[in-house]
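A.B. asks: sequence first, then the predicted structure, then my questions.
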Amino acid sequence: MAEPGPSPAPASRPGPAPSGGTATATEPLLRVERLVKHFPLTKGVLRKRRAGQVHAVDDVSFTLSAGETLGLVGESGCGKSTVSKLLMALEKPTAGHVFYKGEDVTALRGKDLRRLRRNMQIIFQDPYSSLNPRMTVGDIVAEPWDIHPDVVAPKDRVRRTKELLERVGLNPNFANRYPHQFSGGQRQRIGIARALALHPEILICDEPVSALDVSVQAQVVNLLEQVQDEFRLAYIFIAHDLSVVRHISDRVAVMYLGSIVEIGTEDDIYDKCAHPYTQALLSAVPVIDPRARTHKKRIMLVGDVPSPTDPPSGCRFRTRCWKAQDLCAAEAPALVDRGQGHPVACHFAEVVQVVAPVQPPAPLDSPD
């Protein structure tokens with residue numbers, strides 16, 4: 001089934017203003033402080049014994065302002081999705097705190113946690129398994145209103161459901177269909193409509209386009225940008241495709257083995273990257289312009305990513321880094337600005353332009 005384009009006429013904004021505190025000029029919408037998540041490992045069948053732990057997330061800190069998009073990138077297994085679960089309180093952190101408008105999310109329980117989740121919604125990676133196959137699309141979109149009945153009155157739910165489906169580019173008459181009758185891109189649009197049902201302030205997009213075809217990815221990303229402007233949303237956009245992240249993000253945080261190694265604006269990361277891992281990631285991004293391709297410096301990393309059950313001492317990237325010295329094994333580098341203009345977790349951080357800018361060709365002389 002062909003992918004429809006987004007609806008040209010925006011629907012009315014669903015739901016009242018979200019409850020909770022109010023972000024100020026000094027307090028960001030979301031503040032993450034030294035977040036840690038370790039998963040215990042056990043062995044034995046009859047008698048379980050502790051056999052170490054997985055260092056999924058270690059000392060992650062960042063902020064998110066209203067209306068901003070923070071891209072979170074890194075290799076598979078670096079802890080990106082675990083961070084998203086910690087932000088939504090789907091996992092309990094081993095240490096650290098998550099503050100939403102100054103309120104500690106990690107301390108919330110029961111109805112207070114439900115109130116938080118009304119303001120923070122998540123779009124999952126797999127559009128095939130994130131929708132209940134036994135529910136119609138209309139019931140899927142309206143289900144959040146069963147948990148928060150004050151958002152939309154029962155008599156208005158059918159109308160509001162159709163408005164949301166139309167807003168994400170789907171035919172509102174499809175509300176009685178089931179998920180298996182839609183393509184992957186259409187299912188992801190349904191997931192977006194469901195996330196918008198409670199009028200949240202933050203959307204956590206956990207690799208929302210990685211399971212889609214390239215042509216469909218662009219349509220979904222464009223839709224996310226449109227609804228962000230319309231509903232004044234803040235995004236945490238998790239992905240491993242650096243091209244997609246650059247298109248949608250205001251700031252970008254690069255993760256490696258559970259930790260953020262570099263964070264800055266889109267220009268900082270893509271044009272003035274200073275961490276060797278970021279430079280290696282960018283060097284692997286395909287370049288369309290053949291003139292730029294000749295200036296591209298390909299960085300090949302040696303060795304595999306270390307096991308998160310036994311991460312290296314000091315800098316976690318040192319086992320694959322061509323700049324590694326004794327200091328890197330003895331001391332973990334702090335995520336600070338060392339003169340590059342943005343925070344970098346590297347003792348020997350140095351700005352390197354992975355792809356040199358290409359000057360446009362000079363115009364031909366016009367004939368006399």
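C.D. replies: Now that the structure is in, tell me what you want to look at. Here the structure is a predicted model, which is why all the values come from computation and not from measurement.
A.B. asks: hmm, residue 157 is touching residue 142, no?
C.D. replies: Yes: with contact defined as C-beta atoms under 8 Å, residue 157 reaches residue 142; the gap is 5.1 Å. In this view, the C-beta of every residue, glycine as well, is placed from N, C-alpha and C.
A.B. asks: what about the two, which has more around it?
C.D. replies: In terms of neighbours (other C-beta atoms under 10 Å), residue 142 is the more surrounded of residue 157 and residue 142; the figures are 22 against 19.
A.B. asks: give the residue spans of this protein that score low on pLDDT.
C.D. replies: Counting by pLDDT under 70, the chain shows low-confidence ranges at 1-25, 288-296, 355-368.
A.B. asks: residues of stretch 242-253 that come out buried?
C.D. replies: By neighbour count, with 16 or more other C-beta atoms under 10 Å as the criterion, the buried positions of stretch 242-253 are 242, 244, 245, 246, 247, 248, 249, 250, 251, 252, 253.
A.B. asks: likewise for stretch 39-58?
C.D. replies: 53, 54, 55, 56, 57, 58.
A.B. asks: isn't the first one up against residue 41?
C.D. replies: Spelled out, that is residue 53. Yes: between residue 53 and residue 41 a contact is recorded at 5.9 Å, counting by C-beta under 8 Å.
A.B. asks: now the common contact residues for the two.
C.D. replies: For the pair residue 53 and residue 41, residues contacting each of them under the criterion C-beta atoms under 8 Å, 6 or more residues apart in numbering are residue 309.
A.B. asks: where exactly do the strands run in this structure?
C.D. replies: With DSSP state E applied, the chain shows strands at 30-43, 49-64, 69-73, 95-100, 103-104, 120-123, 202-206, 234-239, 251-256, 259-265, listed in chain order.
A.B. asks: for residue 304, give its distance to residue 179.
C.D. replies: 37 Å (C-beta to C-beta, to the nearest Å).
A.B. asks: what about the residue nearest to residue 303 when sequence neighbours are not counted, how many neighbours?
C.D. replies: Nearest residue to residue 303 in three dimensions, chain neighbours excluded: residue 320, at 5.0 Å (C-beta to C-beta, 6 or more residues apart in numbering). The number of residues packed near residue 320 is 18, by other C-beta under 10 Å.
A.B. asks: again with residue 140
C.D. replies: 22.
A.B. asks: please enumerate the helices of the stretch 251-368 of the chain.
C.D. replies: Assigned helices in the stretch 251-368 of the chain, in chain order: 266-271, 276-283, 290-293, 326-330 (criterion: DSSP state H, counting those that start in this stretch).
A.B. asks: what comes up buried for the first one?
C.D. replies: Just to be clear, that refers to helix 266-271. Taking 16+ other C-beta under 10 Å as the neighbour-count basis, helix 266-271 is seen to contain the buried residues 266, 268, 269, 270.
A.B. asks: out of those, which is nearest to residue 260?
C.D. replies: Within the buried residues of helix 266-271, proximity to residue 260 (C-beta to C-beta) peaks at residue 269, which comes in at 11.6 Å.
A.B. asks: you'd agree the closest one is up against residue 260?
C.D. replies: No: in this structure residue 269 lies outside contact range of residue 260 using C-beta under 8 Å: 11.6 Å.
A.B. asks: overlap of the contact sets of those two?
C.D. replies: Counting by C-beta under 8 Å, 6+ apart, the shared contacts of residue 269 and residue 260 are residue 254.
A.B. asks: for residue 349, which non-adjacent residue is spatially closest?
C.D. replies: Among residues not flanking residue 349 along the chain, residue 274 sits closest, at 4.2 Å (C-beta to C-beta, 6+ apart).
A.B. asks: for that neighbour, grab the count of nearby residues.
C.D. replies: By the measure other C-beta under 10 Å, the count of residues near residue 274 is 26.
A.B. asks: check contacts around it.
C.D. replies: 262, 338, 340, 342, 344, 346, 349, 350, 351, 352.
A.B. asks: can you show me the CA trace of stretch 240-248 as PDB?
C.D. replies: As requested, C-alpha coordinates have been extracted for stretch 240-248 and formatted as PDB (Å, rounded to 0.1, in the frame of the first residue of the first chain):
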ATOM      1  CA  HIS A 240      22.100   5.300  14.500                       C
ATOM      2  CA  ASP A 241      21.700   7.000  11.100                       C
ATOM      3  CA  LEU A 242      23.700  10.200  11.400                       C
ATOM      4  CA  SER A 243      22.200  11.700   8.300                       C
ATOM      5  CA  VAL A 244      18.600  11.500   9.700                       C
ATOM      6  CA  VAL A 245      19.800  12.900  13.100                       C
ATOM      7  CA  ARG A 246      21.400  15.900  11.400                       C
ATOM      8  CA  HIS A 247      18.300  16.700   9.500                       C
ATOM      9  CA  ILE A 248      16.000  16.900  12.600                       C
END
